[in-house]
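Need coordinates for the following:
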Amino acid sequence: MSTHLRKGLERLRQFYIMKLLESDISDSTDLELYSLTFTELESLYNKIFSPR
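Numbers count the residues shown, from 1 in each chain. All right, here's what the predicted structure looks like:
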């Protein structure tokens, strides 16, 4: 079970990184994004893509 959870979190983390890199809104580089925690990525993604 924990393996599935870990894989799921990693997939979601990759999704956030790819979407942030595709958007030219974020000034972050690959290395900066990969160094962020899952929670930091999620927060940044929600801040950029959430409807206002």
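
What ranges does this protein have for its helices?
All helices of the chain, identified by DSSP state H, fall at 2-22, 30-35, 38-49.

Comparing those by mean pLDDT, which bottoms out?
Ranked by mean pLDDT, these bottom out at helix 30-35, with a mean of 88.

got the CA coordinates for that one in CSV?
Extracted in CSV, the C-alpha atoms of helix 30-35 (Å, rounded to 0.1, in the frame of the first residue of the first chain):
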residue,chain,number,x,y,z
ASP,A,30,14.1,22.8,-13.2
LEU,A,31,16.5,22.5,-10.3
GLU,A,32,14.6,24.9,-8.2
LEU,A,33,11.3,23.1,-8.7
TYR,A,34,12.8,19.7,-8.1
SER,A,35,14.3,20.9,-4.8
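
so what does it touch, helix or strand wise?
helix 2-22 (3 or more Cβ pairs under 8 Å, 6 or more residues apart in numbering; DSSP states H and E). Backbone N, C-alpha and C define where each C-beta goes, glycine included.

and the angle from the helix it packs on to helix 38-49?
Relative orientation of helix 2-22 versus helix 38-49 (axes from the mean of the first three to the mean of the last three Cα atoms, to 10 degrees): 40 degrees.

and the residue nearest to residue 36 when sequence neighbours are not counted, what is it in contact with?
Once flanking residues are discounted, residue 36 sits nearest to residue 44: 7.2 Å by Cβ to Cβ, 6 or more residues apart in numbering. The contact partners of residue 44, by Cβ atoms under 8 Å, 6 or more residues apart in numbering, come to 16, 20, 26, 28, 36.

can you list contacts of stretch 4-14?
Stretch 4-14 is contacted from outside by 38, 41, using Cβ under 8 Å, 6+ apart.

let's go with 6 Å and repeat that
With contact meaning Cβ atoms under 6 Å, 6 or more residues apart in numbering, stretch 4-14 is reached by residue 38.
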